[in-house]
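Engineer: only geometry, no sequence info:
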Ligand SMILES: Nc1ncnc2c1ncn2[C@@H]1O[C@H](COP(=O)(O)OP(=O)(O)OP(=O)(O)O)[C@@H](O)[C@H]1O
């Protein structure tokens, strides 16, 4: 356990850290974050005993660090500082071996089998085995960073302190290093205290975060509590958006470039962008639209510019008809698959209906295409800015509208003779320009929901009447 208790201090005339208190448990991965100059490195130097504490105390396993001898502290705690351009003309192996000095007694203790086996294990783990005999000077910044990590790890410390360990590392080596640290916290119960500039990495790997602002604790909590838009915007003085990681239950932050924030509200998706042909129905947007959709490609949440419904009649004689035909169709017509939401249905004359509606704070362009067995493809384009909940509400109201329309028209499924409802072959797209102000209050969202329900209801009745 490491305890930082009401600690203040810094450099001679600069009291940087002000009354900081926290403790880190055995095996915890603890992150220190904060803007440039907030005191992260100063705090780390105080914890490692490099800078004296002016007020308060730092306890390592209940013992004040001022009472540790240098060697005793080195057996307990290893430090990986920020990489500097100063390196010594040692080989990689010799540099790493220096990390074992804390475990040696006397000046001339010989290198033991235990030392060698620990060294070999760490060489492998940190992936530096390949250049073990090279001189440090011959290595890139990222390679040197891994060597110094190896030097810290051969110390077999209970506590490892790191100052921006992923600086200089490429994507794969960032992941490798952090995975290794995480594994060491889980398996060897090593405690990691690390400074991060990359808040997304800090979120992914740290159990808790200390957010510093001007030398003081702004927040001390789990990443999900600390990395919120208002807190980060206040401390870093910049606009961010948070989003859940697609596979891990951790928040991720996205920067908001100024150029994107200044976009004018001048794009209006309407029928002038729609092309209905025999082989496909296409809407090509002049800007990427935020989308929530089902379909053969581009499904889920994303940003897309092309919206295509291919004619299913072309899907014969193919092993994976929908996907293969769709991909070929998109490539032939220069619709980039990654920029496209693609669906498929039997396109006939008269089974397409569309209409434009204007409301106070937004406008709507809806396209409905009927397929076999009452399968309905619905495209809803909103010229406005929607929050995520509004996308979901839009889907729900479109589904309700379909059920209502089929019921009112007494349409039954051929198999069960019951009133038809939403079919597994139904597809839906909600696409919004995301320009202007958010439709965030309850009344504007309810106008949107009502407009979508009414619009989809009207168009479904129209296409079904046309195809009957
Ligand atoms: N040796 C020093 N003597 C005097 N002041 C210093 C010294 N080192 C750093 N400072 C000052 O202490 C403050 C905190 O610096 P520190 O390096 O701890 O911040 P940081 O949060 O790690 O910043 P960064 O994110 O830029 O690395 C800064 O204002 C800095 O100018």
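Structural biologist: Looks like it arrived, so ask away. Note that this is a predicted model, so its numbers are computed, not measured.

Engineer: verify the stated contact: residue 133 with residue 91.
Structural biologist: Yes: Residue 133 is within contact range of residue 91, at 5.7 Å (criterion: Cβ atoms under 8 Å). Bear in mind the C-beta positions are built from the backbone N, C-alpha and C, glycine included.

Engineer: in terms of neighbours, single out the busier of the two.
Structural biologist: residue 91 (16 against 9; other Cβ atoms under 10 Å).

Engineer: burial of residue 271, as a residue count?
Structural biologist: 13.

Engineer: list the contacts of stretch 169-176.
Structural biologist: 127, 142, 145, 146, 166, 177, 201 (Cβ atoms under 8 Å, 6 or more residues apart in numbering).

Engineer: looking at those, spot the one nearest residue 100.
Structural biologist: Distance to residue 100 across the contacts of stretch 169-176 (Cβ to Cβ) is lowest for residue 146, with 17.6 Å.

Engineer: and that closest one, that one's in a helix?
Structural biologist: Yes: counting by DSSP: H, G, I helix; E, B strand; the rest coil, one finds residue 146 located in a helix.

Engineer: not counting sequence-adjacent ones, nearest residue to residue 279?
Structural biologist: Distances taken as Cβ to Cβ, 6 or more residues apart in numbering put residue 311 closest to residue 279, at 5.4 Å, once the chain neighbours are dropped.

Engineer: pLDDT wise, what is residue 226 at?
Structural biologist: Looking at residue 226, its pLDDT reads 97.

Engineer: show me what contacts it?
Structural biologist: Neighbour list for residue 226: 33, 209, 211, 219, 220 [criterion: Cβ under 8 Å, 6+ apart].

Engineer: before we move on, back to that, farthest pair in the contacts of stretch 169-176?
Structural biologist: So, the contacts of stretch 169-176 by Cβ to Cβ: farthest apart are 127 and 201, at 18.4 Å.

Engineer: who wins for most neighbours among the contacts of stretch 169-176?
Structural biologist: Busiest of the contacts of stretch 169-176 [other Cβ under 10 Å] is residue 146, holding 25 neighbours.

Engineer: got a pLDDT number for that residue?
Structural biologist: At residue 146, pLDDT is 88.

Engineer: residue ranges for the helices of the stretch 151-300 of the chain, please.
Structural biologist: Here the stretch 151-300 of the chain has its helices, by DSSP state H, counting those that start in this stretch, at 171-187, 199-205, 223-226, 229-236, 258-261.

Engineer: mind listing what's buried along the longest one?
Structural biologist: By neighbour count, and taking 16 or more other Cβ atoms under 10 Å as the criterion, the buried residues in helix 171-187 are 173, 174, 176, 177, 178, 180, 181, 182, 184, 185.

Engineer: and of the residues you listed, the nearest to the ligand?
Structural biologist: residue 174 (17.6 Å; Cβ to the nearest ligand atom).

Engineer: any idea how far residue 301 is from residue 282?
Structural biologist: As judged by Cβ to Cβ, to the nearest Å, residue 301 and residue 282 stand 22 Å apart.

Engineer: those two: which has the busier surroundings?
Structural biologist: Taking other Cβ under 10 Å, residue 301 and residue 282 do not tie; residue 282 has more neighbours (18 against 13).

Engineer: where's that one relative to residue 463, distance?
Structural biologist: 18 Å.

Engineer: cool, residue 431 as well?
Structural biologist: Residue 431 is 20 Å from residue 463, by Cβ to Cβ.

Engineer: more crowded one of these two?
Structural biologist: residue 431 (29 against 21).

Engineer: ok, now which ones touch that one?
Structural biologist: 269, 285, 289-291, 293, 304, 307, 341, 379-382.

Engineer: now, which of the residues you listed sits nearest the ligand?
Structural biologist: Nearest to the ligand among the contacts of residue 431 is residue 290, at 33.5 Å by Cβ to the nearest ligand atom.

Engineer: all helices of the stretch 1-150 of the chain, in order?
Structural biologist: 40-47, 70-76, 92-97, 113-125, 141-154.

Engineer: and the contacts of the longest one?
Structural biologist: With contacts defined as Cβ under 8 Å, 6+ apart, helix 141-154 is touched by 78-81, 83, 87, 92, 95-100, 118-119, 122-123, 125-128, 131, 136, 139, 160, 162, 165, 167-170, 173, 177, 184.

Engineer: quick one: neighbours of the residue in the stretch 301-450 of the chain positioned nearest to the ligand, just the number.
Structural biologist: Per Cβ to the nearest ligand atom, residue 303 is where the stretch 301-450 of the chain lies closest to the ligand, at 32.1 Å. Using other Cβ under 10 Å, residue 303 has 14 other residues around it.
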